[in-house]
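**Q** Provide a 3D model corresponding to the input given below.
(chains A, B, C and D)
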Number of protein chains: 2
Amino acid sequence: MKSSAPTIRDVAAAAQVSTATVSKYINGAQRFSPKVEAALDVAIANLGYKSNPLAKSMITGRTNTIGLSVLDITNPHFSSILKGANRVAHDHEFSVLLVDTEETPSRERRTLEELSRRVDGMIVFSRLREKDMGWMADIDKPLVFFGSLNELPIPTVASDDHGGAFMLAQHLRMLGHKRIAYLGFSKSRRDEERLGGIYECLNAAGMELAVFDGEAPSSAEGERMCSSIVLGASRPDAVICYNDLMALGFMKEAANLGLSIPRDLSVVGFDNIPYGKYVSPALTTVDLQSERMGATAMTKLLAVIRGEPVEKLTKVAPQLVLRASTLARS
Amino acid sequence: MKSSAPTIRDVAAAAQVSTATVSKYINGAQRFSPKVEAALDVAIANLGYKSNPLAKSMITGRTNTIGLSVLDITNPHFSSILKGANRVAHDHEFSVLLVDTEETPSRERRTLEELSRRVDGMIVFSRLREKDMGWMADIDKPLVFFGSLNELPIPTVASDDHGGAFMLAQHLRMLGHKRIAYLGFSKSRRDEERLGGIYECLNAAGMELAVFDGEAPSSAEGERMCSSIVLGASRPDAVICYNDLMALGFMKEAANLGLSIPRDLSVVGFDNIPYGKYVSPALTTVDLQSERMGATAMTKLLAVIRGEPVEKLTKVAPQLVLRASTLARS
DNA sequence: CTGTTAGCGCATTCAT
DNA sequence: ATGAATGCGCTAACAG
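**A** All right, here's what the predicted structure looks like:
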C-alpha cells in the first residue's frame, strides 16, 4: 500500500506500459490498442489514480484558472458580474480565482502581478485611472478590463455609462423636472462618464445640474449625503445617484426626513440591482447588465487565451428600467 | 535578452552562486554573507525575477489557495460569507478559489474532488444531506463545513438556526399573533432546523403552524408563493420566511394583493441581508452573521492547515433584528 | 502504436 | 556558509 497518491508511474507499472503512454491516454491525445487501453483503465481504477494538476500546469503553463478582480464582492453589481463570468468559465472547464480589492487601489498592483502567475488570464475591475495603469499592459497574461481605455492596448468590456446617464437625464427632463441633482462618486472612473451624459442632456436644454460627491458607492453613504442635498436652500426635484446602492440609502433617509418620493422628489440610480425592485417606491434605474458583462468579459478572455482575434472594445447597451421612484411634475 | 521569464538558474548565474543558495535566500530559509546577499539582490532586481508559484507548489505541495464552495454567489448571504472568508485569507496571504454550485448538488462531488487537488483546503456550503456526503470526509484535504454534522468527522461552523427560529417565533407569539405560517425551503438542510425551532416555541404555546414549501430560496419564489398563502381560507397573521430574499418577494406581492404589512400581516425572515433595511416596512429578521461565519470558517480552516487542534463545531450566535415588518396584534 | 529521453522551475538532502 | 546532485509528477519531442 502506497502512502502517497499514485502517480503516472504507478499506473504505468501496473499496466505494463510506459509513462508516456499513460500520459497520452489520460489526456486523450492518442488512441491505443484495446488491450493497452483496457489495462490502463483497470490500473487507473484500481489505484484510484488522479492526475496532479499542479505538475501538469507547471509543464503546460496552463492552469485552467481565471483571475477576477472586483472592487467589492458584496455589491450586487459585482456579484452579478462574478455570476456571469463564473458560469462561462465553468462551461469551459475553467475555475475562477477571486480577488476583492475592497476599494483599495494601493494594493492592486502587487496583488494582480502575483495573481497573474497563477492564472491563464485575468478580468479586472479597477478604480485606477488609465495613466496609473501602464503596468497592467506589461503583465504577460491575457487580460480583459471593465470600462473603456483610450491608450492602453488591453481589450475591454464596457457599459455605455454616458448613454445610460443621458437616458436617465432625458427621462427626468421629459417628466418635467427643473432642478436636477447628481449624487456622484468621483473616485470612480465611471463617474465622469455618467456626469458627462447628464450634462450633455441638460446643457442642450439649458438646465443646471447640482453636483454632490460621495465618499463611497454605498447605501450608507447615500443615507449620509441625503440631508445636505434635500435640506439645502434650493431642494432639487430629482436626484440621480451614482448607483442603486446610494439611491437606496438616499431614499430611506429622505423618507426619514419627511419627504415623499416621488411626490416631493424623484430618485434614480444605476445598475439595476435586484433590490431596487423591492423598495417603495421601486427604484427607476439603468440596467447596466452586470451579469451579461461578466459573461461577455469571460467569453472574450477565453477567446484571447485561445489566440483568437477579439475586438478591442465590447460595448454592452444599457437599458432604462422605469419604476415608481420617478413621477412627472405638473 | 531571454525570451521567457527568468528562473532561479538565471539568478544563480548572474549572482555567481548556486541555485540552492538562491532558493534558500528568497525563501528566507537561511542567511548568507553580505556580499552574496548583495549580489543576489542585484541579480534579482536586474532580471526582474519572480518565483514561479506553480513550480514551488508542485514541490512543496502547498498552493496558498483555499477553495470556497457556495450555493449562489448573488445571494447576499453568500457574498457576505465570501467577504469575510476572503478578508481572513488575504490577511494570511491566501487566495480564494470560488465555486458557485448554483443549487445543483449533482455536480458537487466531482467539482469538489477536482478542486481539492488545487487548493490547501476547502470551505463548503452544500445542500447535500449528511448521508450523501460521506465522500467528503475521504477527500485528503483540510475541510470546514457550514452547518452541523452528526457523524462525519469534519469540523464545522454553524449558525444556531434552531435558536434563531425560536427567537423569531417567540417574538411573534409575544406580539400576540395567533395564526403563524412558515414559508420554507425543504431542499435546504437548514430548513428543518428552522422549522424545529419554530415548532418548539409554538407547541409549547399550543399553537398551530401552517407550513408552505418553496422551490427556491429566492425573492421570485417568495412572490410566487405569496398568493397561495395570503388568499387561502384562513389567512395567517404572521409569516416566517425561510430567508430574507423570500421575505422581500413575499412582501412585495402581498402589497400588490392589497395587504398592508404589518397591519394585516407581520413578515419576518432570516439572514439580515443589507436590503431588508431599505424596504418599507423594513424587515424584521434574524442576523445569522454571514460575514463573521465566513471569517470564522476561514480562520478555522487555516488553523487546521497549520496542524493546530480545532473544535469540531463552532457555533455563531444569531441575533434578532427588530424592524417595522412586525406589529403587535390587539 | 509504444517507449526512451529529457526536462519544466524549484526545494531539499547531503556534502564541503 | 555554500554548492552538487536529486527528484517532485508530468508532458513533449523523437525514436522505433
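
**Q** host element of the nearest residue to A:L54 once chain neighbours are set aside?
**A** Spatial nearest neighbour of A:L54, chain neighbours left out: B:M58 (4.5 Å); criterion: Cβ to Cβ, 6 or more residues apart in numbering or on different chains. Backbone N, C-alpha and C define where each C-beta goes, glycine included. Using DSSP states H and E, B:M58 falls within helix B:53-60.

**Q** list of residues touching that helix?
**A** A:N52, A:L54, A:A55, A:S57, A:M58, A:T63, A:E114, A:R117, A:R118, B:T63, B:N64 (Cβ atoms under 8 Å, 6 or more residues apart in numbering or on different chains).

**Q** and the gap between the residue nearest to A:L54 and A:I44?
**A** 21 Å (Cβ to Cβ, to the nearest Å).

**Q** tell me where chain A has helices.
**A** A:8-15, A:19-26, A:34-47, A:53-60, A:76-91, A:108-116, A:134-138, A:161-174, A:189-204, A:219-230, A:244-256, A:290-305 (DSSP state H).

**Q** pipe those helices into JSON lines and attach distance to B:R109, mean neighbour count and mean pLDDT per row.
**A** Conversion of those to JSON lines gives the following (distance: least, Cβ to Cβ, whole Å; neighbours: other Cβ atoms under 10 Å in any protein chain shown; pLDDT from 0 to 100):
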{"stretch": "helix A:8-15", "distance to B:R109": "22", "mean neighbour count": "19", "mean pLDDT": "92"}
{"stretch": "helix A:19-26", "distance to B:R109": "20", "mean neighbour count": "17", "mean pLDDT": "93"}
{"stretch": "helix A:34-47", "distance to B:R109": "17", "mean neighbour count": "15", "mean pLDDT": "91"}
{"stretch": "helix A:53-60", "distance to B:R109": "17", "mean neighbour count": "17", "mean pLDDT": "94"}
{"stretch": "helix A:76-91", "distance to B:R109": "15", "mean neighbour count": "23", "mean pLDDT": "98"}
{"stretch": "helix A:108-116", "distance to B:R109": "28", "mean neighbour count": "18", "mean pLDDT": "94"}
{"stretch": "helix A:134-138", "distance to B:R109": "38", "mean neighbour count": "13", "mean pLDDT": "94"}
{"stretch": "helix A:161-174", "distance to B:R109": "42", "mean neighbour count": "21", "mean pLDDT": "98"}
{"stretch": "helix A:189-204", "distance to B:R109": "41", "mean neighbour count": "19", "mean pLDDT": "97"}
{"stretch": "helix A:219-230", "distance to B:R109": "39", "mean neighbour count": "20", "mean pLDDT": "98"}
{"stretch": "helix A:244-256", "distance to B:R109": "37", "mean neighbour count": "25", "mean pLDDT": "98"}
{"stretch": "helix A:290-305", "distance to B:R109": "24", "mean neighbour count": "22", "mean pLDDT": "98"}
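
**Q** now render these as a markdown table, adding distance to B:G28.
**A** A markdown table is the format used below for the helices of chain A (distance: least, Cβ to Cβ, whole Å):
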| stretch | distance to B:G28 |
| --- | --- |
| helix A:8-15 | 33 |
| helix A:19-26 | 36 |
| helix A:34-47 | 38 |
| helix A:53-60 | 23 |
| helix A:76-91 | 35 |
| helix A:108-116 | 17 |
| helix A:134-138 | 26 |
| helix A:161-174 | 46 |
| helix A:189-204 | 38 |
| helix A:219-230 | 42 |
| helix A:244-256 | 43 |
| helix A:290-305 | 34 |
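
**Q** and of those helices, who's closest to B:L257?
**A** Ranking these by proximity to B:L257 (Cβ to Cβ) places helix A:244-256 first, at 23.0 Å.

**Q** report all helices and strands that the closest one contacts.
**A** Where contact means 3 or more Cβ pairs under 8 Å, 6 or more residues apart in numbering or on different chains; DSSP states H and E, helix A:244-256 is packed against helix A:76-91, helix A:219-230, strand A:238-241, strand A:266-271.

**Q** and it, how far from the chain's centre?
**A** Distance, stretch centre to chain centre, for helix A:244-256: 24 Å (Cα atoms, centre = their mean, to the nearest Å).

**Q** what angle do it and strand A:266-271 make?
**A** Inter-element angle recorded for helix A:244-256 and strand A:266-271: 160 degrees (by axes from the mean of the first three to the mean of the last three Cα atoms, to 10 degrees).

**Q** domain-wise, how is chain A divided?
**A** What automatic domain parsing lists as the domains of chain A is A:8-60, A:65-159+A:290-318, A:161-287.

**Q** about what we covered before: so which of the helices and strands packed on helix A:244-256 comes closest to chain B?
**A** Proximity to chain B (Cβ to the nearest Cβ) singles out helix A:76-91 among those, at 4.8 Å.

**Q** that closest one vs chain B: in contact?
**A** Yes: contact of helix A:76-91 with chain B (Cβ under 8 Å from any Cβ of the partner chain) involves A:P76, A:S79, A:S80, A:L82, A:K83, A:N86, A:R87, A:H90.

**Q** identify, from those residues, the entry nearest to DNA strand C.
**A** Lowest distance from DNA strand C to those (Cβ to the nearest atom of the strand) belongs to A:H90, with 27.5 Å.

**Q** what residues are up against the closest one?
**A** B:D100.

**Q** coming back round to it: export the helices and strands packed on helix A:244-256 to CSV and tack on distance to A:T7?
**A** Shown next, in CSV, are the helices and strands packed on helix A:244-256 (distance: least, Cβ to Cβ, whole Å):
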stretch, distance to A:T7
helix A:76-91, 28
helix A:219-230, 53
strand A:238-241, 58
strand A:266-271, 49
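
**Q** good, wrapping up.
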